[in-house]
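Asks: The amino acid sequence is not available; the structure is as follows:
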């Protein structure tokens, strides 16, 4: 089955710790995206990548970092510099252009 | 930036049609209108998109005004499974330097479906 997976589903971390969220897709999509969603709000773009070894900042990139070493993987690191990291994180992929984005099930990060 | 305005919430009865409105008065000529929906605690899923002409697919229909300043997502027969937040989205070419495929999500419309 083709799809996009995120792990873990729930993640807890202590303040001051870095944490990496996984995103994998087997859809052979070139473009991948990371969004953040806060309660009752829409999604906000953190980072996106149109092709392997290239990525661009979205609206709220501060305190986050990404890598795109493989086409199927786009991990997101939430660093200690992110002041309010508790949120629902969603990864998406697409063939690029104006084509639909396919979203993963999300990772709910809670900072204790 | 092109942005959209949607009602915060709407209610519908099961098996009745639902018309979800969206205003986008600052839409540019090359912006596509996208609709996604999000069920509770899940990632959004694509519903439909269009540019100028009305569009139909197995999930819904999209009616676009002639001046493109508004559009309506039509669910022909609402089911309980259609209860979700519906997002009307315009692609923003300018903000991302022409990079394609970036979607700007607002708060959307929360649709409730009553049995």
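Replies: Okay, I see it. Not measured: the values here are computed from a predicted model.

Asks: Leaving out the residues flanking it, which one is nearest to residue B:70?
Replies: Once flanking residues are discounted, residue B:70 sits nearest to residue B:23: 4.9 Å by CB to CB, 6 or more residues apart in numbering or on different chains. For glycine as for every other residue, the C-beta is placed from the backbone atoms N, C-alpha and C.

Asks: Residue B:86: neighbour count?
Replies: When neighbours are counted by other CB atoms under 10 Å in any protein chain shown, residue B:86 registers 23.

Asks: Setting the sequence-adjacent residues aside, check what's closest to the residue of chain A at minimum distance from chain B.
Replies: Residue of chain A nearest chain B, by CB to the nearest CB: residue A:103 (3.1 Å). In space, and not counting its chain neighbours, residue A:103 is closest to residue B:43: 3.1 Å by CB to CB, 6+ apart.

Asks: Neighbours of that neighbour, how many?
Replies: Neighbour count for residue B:43, taken as other CB under 10 Å: 22.

Asks: Can you tell me the SS state at it?
Replies: coil (DSSP: H, G, I helix; E, B strand; the rest coil).

Asks: Surely the residue nearest to residue B:70 touches residue B:69?
Replies: Yes - the pair residue B:23 / residue B:69 is scored as a contact, 6.8 Å apart, by CB atoms under 8 Å.

Asks: where does residue B:66 fall, phi/psi-wise?
Replies: phi -60, psi -40 (degrees, to the nearest 10).

Asks: for residue B:80, same thing?
Replies: phi -60, psi -30.

Asks: Let me see the confidence value for residue B:77.
Replies: As predicted, residue B:77 sits at a pLDDT of 95.

Asks: Could you pull up the residues touching it?
Replies: Residue B:77 makes contacts with B:15, B:16, B:17, as judged by CB atoms under 8 Å, 6 or more residues apart in numbering or on different chains.

Asks: now with 6 Å?
Replies: Contacts for residue B:77 (CB atoms under 6 Å, 6 or more residues apart in numbering or on different chains) come out as residue B:15.

Asks: Is it inside a helix or a strand, and which specific one?
Replies: According to DSSP states H and E, residue B:77 maps onto no helix or strand at all.

Asks: The residue nearest to residue B:70 against residue B:6, yeah?
Replies: No - the criterion here is CB atoms under 6 Å, and residue B:23 misses it with residue B:6 at 7.7 Å.
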